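>>> coords please:
(one chain, ligands or ions: 1)
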Amino acid sequence: MTDYQTCTRCVMDTTAKDIVFDENGVCNYCTTFLKRMEEAQAEIADLHFHRDELISAVKSNGKGKEYDCIVGVSGGVDSSYALYLAVKHGLRPLAVHLDNGWNSELASHNIANMVDHLGVDLYTHVIDWEENRDLQLSFFKANVVDIELLMDNAMLALNYQQAVKYGVRHILFGYNRATEGMSIPPQWNQYKRDVYNIQQIHKRFGNVPIKTHPLFSTVDYMRYKYIYRIKQIAFLNYFPYNKSEALELLQKEFCYKPYPYKHYESVFTRFYQGYILPRKFGYDKRRVHLSNLIISGQLTREEAIKLLECSPYPDPRQEEQDRIFVMKKLGFSEESFSLYMSAPEVPHQIYGSEKWLWDLLSAVARIFR
Ligand SMILES: [Zn+2]
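Residues are numbered from 1 along each chain as shown. Modelled structure (predicted):
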């Protein structure tokens with residue numbers, strides 16, 4: 001086993017199993033990110049230059065239709081800001097939200113407030129709880145790391161389904177290179193279109209038949225892209241983006257209430273990222289988010305280290321409340337939950353995966369590019 005080490009430039013550490021350090025103790029994660037950012041500078045400048053073109057294309061595609069585009073909203077800063085920018089630039093988006101039964105009150109408040117102030121229609125898909133619970137429990141029993149794959153995959157499915165329903169070709173989402181560009185260590189999550197993995201895990205550990213849960217496979221992606229010609233647009237890349245400025249604007253104009261950390265808009269995500277991931281798997285996702293902010297000049301390393309010294313749960317009472325809430329909602333006893341927490345991680349791939357198909361298609365696409 002290698003000794004524990006933290007990067008001297010960012011806050012990535014040896015919990016990322018494939019991390020390597022140079023002679024100055026600088027890691028490959030921030031080095032690669034910086035190199036990519038440099039390459040991306042020109043690309044981003046180009047996107048800023050083509051912003052009006054994109055907006056006209058989205059508008060002209062929406063002509064005669066009820067909406068111009070889909071914007072997936074989670075209640076987080078990035079997607080809320082993307083929705084705000086879309087409306088500000090004269091687009092008529094349909095806001096799409098997936099309610100998997102774990103929304104925090106704060107997230108529901110933020111979403112309702114945003115769509116209300118902006119005069120945007122909101123479509124909320126409430127997931128079948130029995131199916132979702134059974135799928136989540138299967139992932140617990142499988143001891144795989146990426147329980148959030150279920151939500152992320154369903155969200156993709158939902159956005160594309162709504163785009164087809166309204167005949168729109170653009171799905172705008174709140175991704176941006178400045179604050180999300182650093183790679184998540186490959187062991188920390190799973191390929192997000194891996195329906196085969198979801199189905200195999202459920203087949204082995206699940207009890208409830210899955211009839212309505214939205215699923216989005218690699219083949220679905222190809223079908224929506226090449227038959228329906230739907231594009232996913234990382235909308236924030238078309239604008240200068242500074243997260244704290246965006247948050248300030250949202251707070252001022254929409255009474256937006258901030259979360260203590262990224263992705264804390266869902267009780268499950270909060271518990272997963274703040275408790276299960278660091279305690280069972282030994283991964284603290286804040287390291288990636290904070291390293292991103294350091295490298296993009298939005299936070300100092302010292303500030304990040306201070307933030308990391310705090311528990312992922314800023315309020316210990318909330319941690320215990322959440323633990324009891326999650327256990328009860330999923331049907332764990334104290335004993336079965338502590339057995340889960342102490343069981344070793346099992347890689348997703350053990351159960352089968354369709355990642356190979358994506359790799360193959362990407363390799364083919366590279367040849368023809
Ligand atoms: Zn680093």
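>>> ends of stretch 335-351, what's the gap?
26 Å (Cα to Cα, to the nearest Å).
>>> for residue 101, which residues are in contact?
Applying Cβ atoms under 8 Å, 6 or more residues apart in numbering, one finds that residue 101 lies in contact with 126, 127, 129, 132, 133, 329. In short, each C-beta sits where N, CA and C put it, glycine included.
>>> out of these, which end up buried?
127, 132, 133 (16 or more other Cβ atoms under 10 Å).
>>> columns distance to residue 149, secondary structure and pLDDT on top of those, output as TSV?
Rendered in TSV, the data for those read as follows (distance: Cβ to Cβ, whole Å; DSSP: H, G, I helix; E, B strand; the rest coil; pLDDT from 0 to 100):
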residue	distance to residue 149	secondary structure	pLDDT
127	14	coil	94
132	13	helix	97
133	16	helix	97
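>>> out of those, which is nearest to the ion?
residue 132 (36.5 Å; Cβ to the ion).
>>> next up, the contacts around the closest residue to that closest one other than its chain neighbours.
Excluding its sequence neighbours, the residue lying closest to residue 132 (Cβ to Cβ, 6 or more residues apart in numbering) is residue 100, at 5.5 Å. Shown in contact with residue 100 (Cβ under 8 Å, 6+ apart): 127, 132, 150, 151, 154, 266, 268.
>>> before we move on, what about residue 195?
With contact set as Cβ under 8 Å, 6+ apart, residue 195 has these partners: 153, 215, 216, 217, 218, 220, 354.
>>> likewise for residue 172?
Taking Cβ under 8 Å, 6+ apart as the test, what residue 172 contacts is 58, 69, 70, 71, 82, 86, 93, 233, 235.
>>> do that again at 7 Å, thanks
69, 71, 82, 86, 93, 233, 235 (Cβ atoms under 7 Å, 6 or more residues apart in numbering).
>>> quick one: residue 73 and residue 81 touch, right?
No. At 10.4 Å, residue 73 does not count as touching residue 81 under the criterion of Cβ atoms under 7 Å.
>>> more neighbours: which of the two?
residue 73 (29 against 24; other Cβ atoms under 10 Å).
>>> what number of residues lie near the residue in the stretch 151-300 of the chain that the ion sits nearest to?
In the stretch 151-300 of the chain, no residue comes nearer to the ion than residue 291, which is 6.2 Å away by Cβ to the ion. Using other Cβ under 10 Å, residue 291 has 24 other residues around it.
>>> compile the buried ones among the contacts of residue 101 into JSON lines and extend it with columns for distance to the ion.
JSON lines is the format used below for these (distance: Cβ to the ion, whole Å):
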{"residue": "127", "distance to the ion": "37"}
{"residue": "132", "distance to the ion": "36"}
{"residue": "133", "distance to the ion": "39"}
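>>> closest one to residue 229 out of the residues you listed, please.
residue 127 (27.7 Å; Cβ to Cβ).
>>> quick check: which ranges of this protein have low pLDDT?
1-2, 177-180, 260-264, 314, 316 (pLDDT under 70).
>>> quick one, what contacts residue 295?
10, 30, 33, 34, 182.
>>> same thing but 10 Å
Taking Cβ atoms under 10 Å, 6 or more residues apart in numbering as the contact definition, residue 295 lies against 9-10, 29-31, 33-34, 37, 178-179, 181-182, 301.
>>> could I get the phi/psi values of it?
Phi and psi for residue 295, reported as degrees, to the nearest 10, are phi -70, psi -30.
>>> now do residue 219
When read as degrees, to the nearest 10, the backbone of residue 219 gives phi -70, psi -40.
>>> what residues does the protein have near the ion?
When proximity is defined as Cβ under 5 Å from the ion, the chain approaches the ion at 7, 9, 10, 12, 27, 30.
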